[in-house]
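sharing a model that was predicted from the sequence below.
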Protein chains: 2
Amino acid sequence: MTDNVNRQILLVEKPTGKLAPQNFKMVDGKMPEPKDGEVLLRVRYISLDAANRAWMHGATYRSAVEANTVMAGGGIAEVVSSKAPGLAKGDLVFGDTGWQEYAAVPGRYLVKVPHLEPMTHLLSVFGIAGLTAYFGLLNVGKPKSGETVVVSAAAGSVGSIVGQIAKIKGCRVVGIAGGKDKCNWLTSELGFDAAVDYKAEPVFKALKAAAPKGIDVYFDNVGGDILEACLPQMNLHGRIACCGAISQYDGAPSPTGPRGVPGLIVVKRLTMQGFIVMDFEDQREQAMADLQRWVKSGQLKVQEDIINGLENTPQALIGLLAGENRGKRMVKV
Amino acid sequence: MTDNVNRQILLVEKPTGKLAPQNFKMVDGKMPEPKDGEVLLRVRYISLDAANRAWMHGATYRSAVEANTVMAGGGIAEVVSSKAPGLAKGDLVFGDTGWQEYAAVPGRYLVKVPHLEPMTHLLSVFGIAGLTAYFGLLNVGKPKSGETVVVSAAAGSVGSIVGQIAKIKGCRVVGIAGGKDKCNWLTSELGFDAAVDYKAEPVFKALKAAAPKGIDVYFDNVGGDILEACLPQMNLHGRIACCGAISQYDGAPSPTGPRGVPGLIVVKRLTMQGFIVMDFEDQREQAMADLQRWVKSGQLKVQEDIINGLENTPQALIGLLAGENRGKRMVKV
């Protein structure tokens, strides 16, 4: 709080093509003053998510981000002072703090989180990434032991957890990721049965070899061509958990959808279901208990990709959209 | 059985574009001789279904139909003589008899059906059409009273029943059909709240007016552009029951799918689910009881479109694919 300055990153203009550094600007803002019902937060870690880019296209499950405002983003923050009931100095919270050092946020928009070590796990395995993987795989994908589960963006924050939970549940797991290193990591470190490098080989054919019995559950983080490659390989009554469409976020969305919709959905009696983690709020406790147990036992490995310095946040998001991260990417403010 | 001749219609070649009369040929076949386990059937009514055309593309939920064989098709038939256990002369059965006057079919592929009047109801409301509408709407679409249900091919055999069941369940019902007459019939005779004439008006805009609160359940018989028009108008947690893709059957299937898949599925947390009637075999009794009660009470009107003469079967299918029928089309052999 030195100098009464709050460093902030603004989205100066909405990108029309690929996101670029010049879409952002760092400014020295004023230290915010919390109003009644608000708390003053010191931001500790900012979460980077492909969805940040989708927010720039328009309203999704939240309203669109607008040009010339502080870029929106979730983060873990510490309460500096509070005018909100139920929150006190020193508490840790998760909320949309935006890309800045300090934020004044209404208490009702914040979720109090426990002090745990490392704190970063609150953004990865015990945060939205972990819960999205858990609910999307188990409540939407509903894999049975012995079934084949395929996950795209498999080395990412959600995908890396999806694949490991599927292994815990006794499935054959195939990950789709970009690059040899990521693919090796999936099979040698995380226990995936096979990995497909979409940058090096045609996905349809490689999947056919990696999932010879077909696909029972496809956890889709990317949409586009990879979804199209999976559709004809789905087994009867297969389930597609629609978690995201990363391939469509950075640039203009594709004017068409994947071939085979709805023909293959009918013929194979598939279910495609979209979800977000908030849909399963009532089952959060059970999920957290399972995730904590698996992490403790070593069955679930946590991979984090922590970048230092608020000023590096734009480049961190641009890199994430290009697929350079492994596991959960975040910025230490 | 006069002259020991069995008139048959062969599919002489698989169509590459639109189905045409010259894809078929009528021949005088030999009267079949049932082997052990088979029955000799006299075909009474042949069911015409958009799926007949889909079978020509390749294996679907049944194997593909092949050139220079009797065209496949379901029908109601009477047992002439039986070498199969459980079936006797005079019994009525439903099965894949093909487009011919007589067929020898293994007993295990046939379903015995009750003698009821009119017999044609066994192919319409009490047959696959009625059960498809029932299970697809109630088990897949899961409409709640007060919700908005949209159905395409609404004047067809399945769609006309879907809309009426949705009305019985207290929904606002919008039908999409081709032509003013069909649309008038839906609203004035069948009790639909509104109808959209896809041949006369842009579907997206007309739907917006007809379903001002958005769509909770879309029962999709057609796929293609109409599915694409419905997707952005789906409400949060909406359900799309994928029953068929008529728009894709007659000609080469579209090389792309509807825009918004999977983006809108994620954002709106939609469920798209394919199904066929056989998936719900265990609930058939309840369905039949409900359908019979609704027909008896007059809540469910049955529309049939009966064409006379085996020789007219090819034209009857071609016309069905062009949307000329109202209600369930069949041929009286």
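Yep, it's here.

residues in the stretch 101-250 of chain A within reach of chain B, list them.
Contact residues (C-beta under 8 Å from any C-beta of the partner chain) of the stretch 101-250 of chain A with chain B: A:220, A:223, A:227-228, A:240, A:242-245, A:248. For the C-beta atoms, the positions are set from N, CA and C on the backbone; glycine is no exception.

just give me the closest of those residues to residue B:310.
For those, the minimum distance to residue B:310 (C-beta to C-beta) is 41.8 Å, reached by residue A:228.

does the closest one touch residue A:256 like I think?
No: using C-beta atoms under 8 Å, residue A:228 is not in contact with residue A:256; the gap is 10.0 Å.

among the two, which residue is more densely surrounded?
Taking neighbours as other C-beta atoms under 10 Å in any protein chain shown, residue A:228 and residue A:256 compare with residue A:228 leading, 20 against 15.

what's the distance between that one and residue A:260?
Separation of residue A:228 from residue A:260 (C-beta to C-beta, to the nearest Å) stands at 7 Å.

quick one: end-to-end distance for stretch A:175-183.
One end of stretch A:175-183 to the other measures 8 Å (C-alpha to C-alpha, to the nearest Å).

average pLDDT for that stretch?
For stretch A:175-183, mean pLDDT is 97.

may I see the buried residues of it?
A:175-179, A:182-183 (16 or more other C-beta atoms under 10 Å in any protein chain shown).

which other residues reach the helix-or-strand element of chain A with minimal mean pLDDT?
Ranked by mean pLDDT, DSSP states H and E, the helix or strand of chain A with the weakest confidence is helix A:50-54, at a mean of 90. With contact meaning C-beta atoms under 8 Å, 6 or more residues apart in numbering or on different chains, helix A:50-54 is reached by A:19, A:60, A:71-73, A:153, A:221, A:244-246, A:249-250, A:317, A:320-321.

still on that earlier bit, can I get the residues of the stretch 101-250 of chain A next to chain B in JSON lines with pLDDT?
Output for these, formatted as JSON lines (pLDDT from 0 to 100):
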{"residue": "A:220", "pLDDT": "98"}
{"residue": "A:223", "pLDDT": "95"}
{"residue": "A:227", "pLDDT": "97"}
{"residue": "A:228", "pLDDT": "97"}
{"residue": "A:240", "pLDDT": "98"}
{"residue": "A:242", "pLDDT": "98"}
{"residue": "A:243", "pLDDT": "96"}
{"residue": "A:244", "pLDDT": "92"}
{"residue": "A:245", "pLDDT": "89"}
{"residue": "A:248", "pLDDT": "83"}
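
save the residues you listed as JSON lines, and put in secondary structure too.
Shown next, in JSON lines, are these (DSSP: H, G, I helix; E, B strand; the rest coil):
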{"residue": "A:220", "secondary structure": "strand"}
{"residue": "A:223", "secondary structure": "coil"}
{"residue": "A:227", "secondary structure": "helix"}
{"residue": "A:228", "secondary structure": "helix"}
{"residue": "A:240", "secondary structure": "strand"}
{"residue": "A:242", "secondary structure": "strand"}
{"residue": "A:243", "secondary structure": "coil"}
{"residue": "A:244", "secondary structure": "coil"}
{"residue": "A:245", "secondary structure": "coil"}
{"residue": "A:248", "secondary structure": "helix"}
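
of these, which is the most crowded?
Busiest of these [other C-beta under 10 Å] is residue A:243, holding 32 neighbours.

list the contacts of that residue.
Contacts of residue A:243 (C-beta under 8 Å, 6+ apart): A:132, A:136, A:158, A:219-221, A:274-275, B:266.

ok, which pair from these is furthest apart?
A:158 and A:274 (14.2 Å).

if we can go back for a sec, among the buried residues of stretch A:175-183, which one sits closest to chain B?
Chain B lies nearest to residue A:176 out of the buried residues of stretch A:175-183, by C-beta to the nearest C-beta, at 15.1 Å.
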